[in-house]
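>>> Sequence below, structure please.
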Amino acid sequence: MASSNPNADGDDPRGSASFSQSLERGLGILAAFTGHRGSLGVADLAREVGLTKSTTHRYVNTLAALGYLQQDDNR
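Next up is the predicted model:
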């Protein structure tokens with residue numbers, strides 16, 4: 001059974017063949033948006049999640065197209 005805590009069993013799952021780095025990155029981007037900070041520019045977001053700006057931009061575009069994020073044209 002899956003746990004909401006990624007390290008609940010003490011093992012780092014990142015080395016597992018069943019681990020999805022893309023999902024980890026996308027969820028990291030979503031987690032960067034908290035209730036008190038609802039807007040971030042791509043450069044700030046990239047810095048926070050540890051990805052390049054171009055990679056972050058692709059993830060943001062995908063997440064926005066799927067309805068998980070809304071892009072602010074003013075940022």
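>>> and residue 44, what is it in contact with?
Residues near residue 44 by CB atoms under 8 Å, 6 or more residues apart in numbering: none. Bear in mind the C-beta positions are built from the backbone N, C-alpha and C, glycine included.
>>> So for it, what's the pLDDT?
With respect to pLDDT, residue 44 has a value of 93.
>>> Just the buried residues of the host helix or strand of it, please?
Element membership of residue 44 [criterion: DSSP states H and E] is helix 42-49. Neighbour-count burial for helix 42-49 flags 42, 45, 46, 49 (criterion: 16 or more other CB atoms under 10 Å).
>>> And the helices in this protein, which stretches?
For the chain, the helices defined by DSSP state H cover 21-31, 42-49, 53-65.
>>> okay if I get these as a markdown table plus distance to residue 73?
Converted to a markdown table, the helices of the chain look like this (distance: least, CB to CB, whole Å):
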| stretch | distance to residue 73 |
| --- | --- |
| helix 21-31 | 18 |
| helix 42-49 | 13 |
| helix 53-65 | 11 |
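>>> Of all those helices, which one is nearest residue 71?
helix 53-65 (4.9 Å; CB to CB).
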